[in-house]
Every structure is written in C-alpha cells, then in structure tokens.
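Peer 1: missing the sequence, but the structure's below:
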C-alpha cells in the first residue's frame with residue numbers, strides 16, 4: 001500500500017508535464033538551464049539536446065529500514081527538443097508595437113533508465129525495473145499582448161514509479177494527458193487582465209490492479225490581475241474541479257473549489273513579496289450511506305524573494321523571474337488523493353537559483369511538509385499524517401555554448417512512524433500478518449554531461 005501513499009503525498013503531476021522530472025533534471029523544466037543558442041528555422045527557433053548521466057539510488061523502492069532497502073546504480077539517457085517562435089532578442093525585426101500576434105512553443109523528451117543492483121542478489125529484480133519516461137507539451141497563444149487574447153495547450157507525460165514490491169506488476173506506472181484553453185481580456189493597455197479558462201485532465205494507470213483509479217477531471221478556472229503600481233499587482237485565482245473515476249470502485253467522485261486573492265510586488269528592484277490567501281472546499285460523494293470527511297479550510301502561499309541582481313519585470317502568477325535569487329516561502333493546499341478522497345499539504349520551502357556569467361548555473365530546493373490524510377473509505381485506513389523532508393542541489397558548468405557537465409544530489413525522507421497491518425477475515429488489523437512500515441529515506445546522486453543548442 002505504500003506506493004499509493006507515496007503517490008498521494010507527492011505534488012500533483014506537474015502543471016506542465018515537462019516539469020515532472022524537474023527535481024532530477026532541471027533543464028527539462030526551465031529553459032534558462034535547458035536551452036542554448038538554438039537553430040533558427042524560418043520564424044521558429046529549434047533547441048535540440050541530449051544528456052547522459054550515471055548515478056546511485058540508495059532506496060529505489062522507497063522501503064522502510066525494516067523492509068530491506070535495495071540500492072541501485074543508474075544510467076539515464078535523455079534526448080529532448082523544443083521548438084518556439086522567435087522572441088524580440090532573436091528577431092531584431094520584430095515590430096516595436098509589441099509581440100508578434102502568434103506565440104507558439106512545443107517540447108518533448110524521452111528518458112531511458114537502466115538500473116543495476118548494488119547487491120548482486122537483487123540483480124534480476126532491479127534489472128526488470130528498466131524503463132522509459134516520456135513527456136511533451138504544446139502551447140499556442142493568439143494576440144498575447146492584445147486587448148483580447150486566446151491561449152491553448154496540450155500536455156502528456158508517462159511516469160514510471162515503483163512500489164515497495166519489486167514485482168513490476170505492482171508498479172504505479174501512469175500516463176497523464178492534459179488539455180486546456182482560455183481567453184484573456186486586457187483593457188487599458190494591460191494594467192488589468194482577466195482570464196477565463198477550461199482544462200481537462202485524464203490520469204490512466206497502466207497496470208490492471210490499479211485501473212479502478214483511472215480518473216478524469218474537468219476544471220473551470222479564473223485568473224485576474226490589476227497592476228495598480230508599475231511593479232505591484234493584485235491577483236485573483238479561482239477554480240472549480242469535477243473529479244470522476246472511470247470505475248468508481250475504490251474511490252468516490254467529487255468536486256474541489258478554490259478561491260484566493262493576494263498581492264505580488266517588487267518592494268525594491270531586488271526585494272519581492274508574494275502573498276495569496278483564500279479558501280478551498282471539497283464535496284466528495286458518500287459511500288455506502290456514510291458521509292465522507294471533507295476539507296473546508298484556508299489555503300494560500302507566502303513568499304519573500306531577494307534578487308542578487310535588480311529585476312524590473314512582474315509576472316501575473318508568481319514573483320518576478322530573475323537570473324539569480326534566494327526565496328523563502330510557505331504553501332497550504334488540498335489535492336485529490338488515491339488514499340482517502342484528498343490530502344492536505346502544508347509545506348515550508350527555501351530556494352536558490354544562481355547564474356554566474358553564463359558559465360555556471362546552480363539551483364537549491366529544500367522543503368519540509370506535513371501531509372494529512374483523512375480516513376480512507378475504500379480500505380478503512382484511519383486518518384493520519386506524514387512529515388516529509390525533501391532537498392535537491394543541481395549545478396552545471398558550461399565548457400562551451402553547447403556542452404555542460406552537471407551534478408545533481410537529492411534527498412527524500414518520510415518521518416512518519418505509521419505502521420499498517422493487513423486485515424483478517426473479520427476486517428480487523430491482523431497483528432500476526434506482515435506490516436507495512438511507511439517511514440523511509442532515499443538518497444540519489446547523478447553525474448552527467450549534456451549537449452544542447
């Protein structure tokens with residue numbers, strides 16, 4: 001059962017699938033890391049790349065100490081490509097009146113993972129875990145700076161995730177497809193903007209034991225911004241999500257509603273504040289006449305960010321994006337879960353992003369979270385909480401404009417002392433059965449070389 005807990009306590013599968021592997025391969029998530037000089041193809045620019053990494057995983061199956069963790073050496077090869085319309089910096093002929101009326105961007109990657117057991121007695125079990133992760137996205141925006149603009153996007157990701165059982169038939173492999181579109185109204189030269197959007201998400205679980213978890217979600221979302229000072233804006237975000245399970249055997253259908261308002265602004269050219277506060281509620285269906293536990297509480301985000309170099313731009317959804325910065329923050333949210341109906345996550349985090357003369361790039365991310373699960377109506381698991389620590393460090397040295405040597409180290413730990421026992425014929429915990437210990441820790445380290453344009 002731990003593999004269900006592992007998935008449920010993880011962040012949603014990325015607002016953009018190319019970010020699904022961001023913790024271990026930052027260049028897939030952030031084009032500042034991933035893209036080089038590029039190749040111009042008409043009015044588009046092409047950025048191909050390929051990386052090769054060797055690494056070590058101290059606990060590939062996320063097992064507790066009582067369950068004999070299995071370590072593995074890893075080889076990962078990841079070709080990737082992005083294609084986008086030219087920006088103002090690469091197209092000096094761009095009209096001074098503003099951006100081009102059409103903005104297009106697409107990307108894709110495939111990551112082949114080969115695994116070798118650190119202990120030879122696990123050779124066959126670890127070798128069977130070789131796999132390929134795949135991701136891609138496509139985005140199109142019409143009139144990005146016009147009075148009325150339209151945007152659309154398609155995302156896909158295939159992610160392989162093992163359980164604490166070495167049998168590949170018990171792996172939690174899944175495919176997610178996301179599609180959305182929206183219209184943005186910008187009167188008054190863009191000082192005020194309001195976007196109304198729709199999004200569809202389908203989560204498909206490849207292995208038969210878990211196909212009762214296949215689900216699709218429909219969401220209507222609203223986003224507004226009013227820039228009342230040159231570098232300060234009021235923000236609004238709201239959404240209503242319908243969640244439906246294909247078979248509705250293990251989980252119950254339901255809805256999640258969110259609404260929050262906040263402020264995003266540069267206090268100085270180097271210091272920024274972001275604060276969002278609001279409310280979220282869940283409305284899951286009852287099972288067998290029993291009313292399920294629901295979430296009804298405050299959600300929000302607070303962040304302070306210091307830019308090592310002054311920054312003048314202001315984005316609509318987060319603090320401004322600069323080249324080098326340090327940030328501290330806190331988030332509180334609720335998400336759909338595969339154990340129980342939902343989980344509540346409170347997480348504090350620290351982040352560092354650093355770029356030195358275009359030669360060295362680095363990033364540090366760390367956070368500690370409390371993840372609370374309600375009682376599970378499917379299997380009777382009582383309500384409980386997990387405390388999780390996550391951290392990652394990434395650095396890359398650029399030997400040239402197209403070649404970089406990088407290293408990544410990450411750490412994940414679950415501190416919970418929860419132990420789940422199987423049930424006997426009477427439906428009660430069987431203390432004589434094999435328990436499932438939920439605590440675990442995992443180190444991962446990779447050293448690689450990357451070619452990119």
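Peer 2: Looks like it came in fine. Keep in mind it's a predicted model, so treat the numbers as computed, not measured.

Peer 1: residues in contact with residue 119?
Peer 2: The contact partners of residue 119, by C-beta atoms under 8 Å, 6 or more residues apart in numbering, come to 70-71. Yep, even glycine has a C-beta here, placed from its N, CA and C like the rest.

Peer 1: right, I mislabeled it, should have said residue 449
Peer 2: Counting by C-beta under 8 Å, 6+ apart, the residues that residue 449 touches are 51-52, 403-406.

Peer 1: Could I have the buried ones of the residues you listed as ChimeraX selection syntax?
Peer 2: Below is the selection syntax for ChimeraX that covers the buried ones among the contacts of residue 449, with 16 or more other C-beta atoms under 10 Å defining burial:
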select :51,404,406
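
Peer 1: okay if I get the contacts of residue 449 as CSV plus pLDDT?
Peer 2: Listed next are the contacts of residue 449 as CSV, based on pLDDT from 0 to 100:
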residue, pLDDT
51, 96
52, 97
403, 96
404, 95
405, 97
406, 96
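
Peer 1: so of the contacts of residue 449, which ones are in strands?
Peer 2: 51-52, 403-406 (DSSP state E).

Peer 1: Identify, from those residues, the entry nearest to residue 218.
Peer 2: residue 51 (36.2 Å; C-beta to C-beta).

Peer 1: just checking, the closest one touches residue 446?
Peer 2: No: under the contact definition of C-beta atoms under 8 Å, residue 51 does not touch residue 446, with a separation of 9.6 Å.

Peer 1: Can you pull the residues that touch both of the two?
Peer 2: residue 76.

Peer 1: Where does the prediction get shaky in the stretch 251-400 of the chain?
Peer 2: Within the stretch 251-400 of the chain, the ranges that satisfy pLDDT under 70 run 310-322, 377-380.

Peer 1: now the strands for it?
Peer 2: Assignment of strands within the stretch 251-400 of the chain using DSSP state E, counting those that start in this stretch yields the ranges 254-266, 271-284, 296-307, 325-336, 342-356, 360-373, 384-398.

Peer 1: how distant is the last one from the center of its chain?
Peer 2: The reference is to strand 384-398. If you compare the mean C-alpha spot of strand 384-398 with that of the full chain, they lie 13 Å apart, counting by C-alpha atoms, centre = their mean, to the nearest Å.

Peer 1: circling back: can I get the strands of the stretch 251-400 of the chain in CSV with mean neighbour count and distance to residue 153?
Peer 2: Below are the strands of the stretch 251-400 of the chain laid out as CSV (neighbours: other C-beta atoms under 10 Å; distance: least, C-beta to C-beta, whole Å):
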stretch, mean neighbour count, distance to residue 153
strand 254-266, 18, 20
strand 271-284, 18, 23
strand 296-307, 17, 23
strand 325-336, 18, 20
strand 342-356, 18, 24
strand 360-373, 18, 25
strand 384-398, 18, 26
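
Peer 1: Would you mind giving these as CSV with distance to residue 119 added?
Peer 2: Formatted as CSV, the strands of the stretch 251-400 of the chain follow (distance: least, C-beta to C-beta, whole Å):
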stretch, distance to residue 119
strand 254-266, 43
strand 271-284, 43
strand 296-307, 43
strand 325-336, 36
strand 342-356, 34
strand 360-373, 30
strand 384-398, 26
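
Peer 1: among those, which is nearest residue 210?
Peer 2: Residue 210 lies closest to strand 325-336 among these, at 15.1 Å (C-beta to C-beta).

Peer 1: ok, residues contacting that closest one?
Peer 2: Applying C-beta under 8 Å, 6+ apart, the set of residues contacting strand 325-336 is 12, 215, 217, 241, 243, 254, 256, 274, 280, 282, 295, 297-308, 311, 319, 342-353.

Peer 1: try 7 Å
Peer 2: Residues external to strand 325-336 that are found in contact with it (C-beta atoms under 7 Å, 6 or more residues apart in numbering): 12, 243, 256, 280, 282, 295, 298-308, 342-353.

Peer 1: Which residue, other than its chain neighbours, is closest to residue 75?
Peer 2: Leaving aside its sequence neighbours, residue 75 sits nearest to residue 114 (C-beta to C-beta, 6 or more residues apart in numbering; 4.2 Å).

Peer 1: Give the helix, strand or coil label for the one you found.
Peer 2: strand (DSSP: H, G, I helix; E, B strand; the rest coil).

Peer 1: Now for it, how many residues are close by?
Peer 2: For residue 114, the count of nearby residues is 15 (other C-beta atoms under 10 Å).

Peer 1: Correct me if wrong: it contacts residue 128.
Peer 2: No: between residue 114 and residue 128 there is no contact, the gap being 11.5 Å when judged by C-beta atoms under 7 Å.

Peer 1: Please give me every residue in contact with residue 353.
Peer 2: Residues near residue 353 by C-beta under 7 Å, 6+ apart: 324-325, 363.

Peer 1: which residues sit in contact with residue 259?
Peer 2: If you count contacts by C-beta under 7 Å, 6+ apart, then residue 259 has 238, 278-279 around it.

Peer 1: hmm, try it at 8 Å
Peer 2: Taking C-beta under 8 Å, 6+ apart as the criterion, residue 259 is in contact with 237-238, 278-280.

Peer 1: Greatest separation within these: which pair is it?
Peer 2: Across the contacts of residue 259, no pair lies farther apart than 237 and 279, at 11.8 Å, counting by C-beta to C-beta.

Peer 1: joint contacts of those two?
Peer 2: With contacts taken as C-beta under 8 Å, 6+ apart, the residues that reach both residue 237 and residue 279 are 258-260.

Peer 1: Put together CSV for these, with distance to residue 163 on each row.
Peer 2: Compiled in CSV, the shared contacts of residue 237 and residue 279 are given as follows (distance: C-beta to C-beta, whole Å):
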residue, distance to residue 163
258, 31
259, 36
260, 35
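
Peer 1: wait, which of those residues is closest to residue 440?
Peer 2: For those, the minimum distance to residue 440 (C-beta to C-beta) is 30.8 Å, reached by residue 258.

Peer 1: what about residue 183, which SS state?
Peer 2: Secondary structure for residue 183, judged by three-state DSSP, is strand.

Peer 1: separation between the closest residue in space to it that isn't next to it in sequence and residue 117?
Peer 2: Beyond its immediate neighbours in the sequence, the residue positioned closest to residue 183 (C-beta to C-beta, 6+ apart) is residue 150, lying 5.3 Å away. With distances taken as C-beta to C-beta, to the nearest Å, residue 150 is found 52 Å from residue 117.

Peer 1: between those two, which one's more packed in?
Peer 2: Looking at residue 150 and residue 117 with other C-beta under 10 Å, you find the greater number of neighbours at residue 117, namely 18 against 14.

Peer 1: Which pLDDT value does the model give the more buried one?
Peer 2: As predicted, residue 117 sits at a pLDDT of 97.
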